[in-house]
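1. this is the structure alone, sequence omitted:
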């Protein structure tokens, strides 16, 4: 095909492809290795968020992918920049998030001499991305960008990494733009739905677990309606609470860290497990003990958009290769139950157990600041569509256990357990959805890993709220330390800065919260400030979880 479009600079062709694929946001740390792309962005109708570290930029792009289902786009420079971005790529890999990372590269004629900041990106990212490539010919930019969007979004979504040789970007070519991508979709076969109906009709104690990606708000609503019609108990996989409304009569809790013991027993005793969208990997499977491998003792129906994931770990009685979106749409044709299902009483009992488990009112912990009461207050003042973000650490237990997610696209949390994620995710969320309230939960150790992105929030006027839970330690590691080496504290203590001064130094709002009574008015002032805000919440170091203390963990370990 002969193009009639004018000759364009390679960097400009690339930006035009992003626009053609529907990209509205790019997160980046600039570098001289891709100046031609930055020049193309100058006149493009694409919002550019300049970040302070490449890992934070990649996590913002991951947040975009999680919220929208469309690939988050991040641009970084070569060598150290790419190395920093790897943390975000790893999150996108384990969380099945569509993401495209563009990395500046040395000139083509310098390769394999260990030139300045040279790296072999196929080798570095090969195990963490769905596809890693390098564009050697400027004429192939439309082809490769088009393919990248298809790869990132089809099957099990994930990250794609594209290296951009500096000299390639400054060449010109006369090439047509590629059309916008469309996600490859497959529908469940009629016979598979018939078999699912048969398995469900013969079950006495079924349970559904929803997880993964390739969902949208409509699919989540359709599955909720299906569960209601069948009185089907539904749990959510680790950090996927937004996929099923917590106020639904069928919701029975999250299958993750610190699982409700009653929920754990309910799944173990089930005779049918309907797993939709997720992989049931290490954390939700309770270290691969929830289902036997390779053949579960429960009958298993596994719905997943990637055929490579079906029967990979668990042999399913029925494996349906389709996305949650297509599957939930097909459930509209699913036969209605005849009479009240045999398991309905069990669903009600598990629902009651969940409501008791997720009620923070009875929780009392050492210290003047009670996080249970903090969670109660948040439930009363935050809008239902508030976006909640967090990284990794024991502090996140309070959010996951006691906040009742009722809307789709309200949760950003790394299933990979990556520290430092909460703050950049909050910045990315507020940048993409400025009309939404965004609240970041962060531990003191977690916050400091990407705390510099608070400057990004200030630069773009993004009034996020950071609840910085400070216990002066890497709490999760200290907890495990006390369990395995009681009383031998090593390398887990932290000396923290004045986080109020930190927030104010960047141009944000900051307050110190030491008691429960101080929290509500501090939150009100933070919301009213119209600025990015940090509420520095100091908790007693003994408060390691809602149900135990460090002292109790140490005593049990010494006794045992």
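-> Cool, the structure landed. For clarity, every value in this text was computed on a predicted model and none was experimentally measured.
2. which residue ranges of the stretch 351-500 of the chain form helices?
-> In the stretch 351-500 of the chain, the helices defined using DSSP state H, counting those that start in this stretch lie at 371-381, 396-402, 422-432, 444-449, 454-459, 475-484, 499-506.
3. who's in contact with the fifth one?
-> Contacts of helix 454-459 with the rest of the structure, by Cβ atoms under 8 Å, 6 or more residues apart in numbering, involve 49-52, 56, 423-424, 426-427, 430, 462-464, 466, 502-503, 506-508, 531-532, 534. For the C-beta atoms, the positions are set from N, CA and C on the backbone; glycine is no exception.
4. list buried residues within those residues.
-> 49, 51-52, 56, 423-424, 426-427, 430, 462-464, 466, 502-503, 506, 508, 531-532, 534 (16 or more other Cβ atoms under 10 Å).
5. just the helices of the stretch 351-500 of the chain: most buried one?
-> The highest mean neighbour count among those, using mean count of other Cβ atoms under 10 Å, belongs to helix 422-432: a mean of 30.
6. rounded mean pLDDT for it, please.
-> For helix 422-432, mean pLDDT is 98.
7. ditto for stretch 207-218
-> 97.
8. endpoint to endpoint, that stretch covers what distance?
-> 21 Å (Cα to Cα, to the nearest Å).
9. try stretch 125-134
-> Start-to-end, stretch 125-134 (Cα to Cα) is 12 Å.
10. stretch 90-99 too?
-> 11 Å.
11. contacts for it, please.
-> 58-59, 61-62, 65-66, 69-74, 88-89, 128-129, 152-153, 156-160, 212-214, 281, 414-416, 418, 421.
12. name every strand pairing with the strand or helix carrying residue 160 and say which way it goes.
-> Per DSSP states H and E, residue 160 falls inside strand 159-165. The strands beside strand 159-165 in its sheet (DSSP bridges) come out as strand 99-105 (parallel), strand 131-134 (parallel).
13. low-confidence regions, the stretch 1-150 of the chain specifically.
-> Residue ranges of the stretch 1-150 of the chain with pLDDT under 70: 1-4.
14. what segments of it are strands?
-> 8-9, 25-28, 47-50, 72-76, 99-105, 131-134 (DSSP state E, counting those that start in this stretch).
15. centre of the chain to the last one, how far?
-> When distances are taken as Cα atoms, centre = their mean, to the nearest Å, strand 131-134 is centred 23 Å away from the chain's centroid.
16. ok, now the second one?
-> Distance of strand 25-28 from its chain centroid, counting by Cα atoms, centre = their mean, is 18 Å.
17. so what does it touch, helix or strand wise?
-> Using 3 or more Cβ pairs under 8 Å, 6 or more residues apart in numbering; DSSP states H and E, the elements in contact with strand 25-28 are strand 47-50, helix 54-68, strand 72-76, helix 422-432.
18. CSV for these, including distance to residue 263?
-> As requested, the helices and strands packed on strand 25-28 are exported to CSV (distance: least, Cβ to Cβ, whole Å):
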stretch, distance to residue 263
strand 47-50, 39
helix 54-68, 24
strand 72-76, 32
helix 422-432, 25
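19. contacts only, for the closest residue to residue 449 other than its chain neighbours.
-> Excluding its sequence neighbours, the residue lying closest to residue 449 (Cβ to Cβ, 6 or more residues apart in numbering) is residue 420, at 3.0 Å. Contacts for residue 420 (Cβ under 8 Å, 6+ apart) come out as 55, 56, 59, 87, 391, 446, 447, 449, 450.
20. likewise for residue 371?
-> Residue 371 touches 360, 363, 365, 398, 469, 537, 539, 543, 546, counting by Cβ under 8 Å, 6+ apart.
21. now the last one: closest residue in space, sequence neighbours ignored.
-> The shortest distance from residue 546 to any non-neighbouring residue, by Cβ to Cβ, 6+ apart, is to residue 363 (5.2 Å).
22. and what of the fifth one?
-> Taking Cβ to Cβ, 6+ apart as the measure, residue 469 lies nearest to residue 395, with 4.1 Å between them; neighbours along the chain are not counted.
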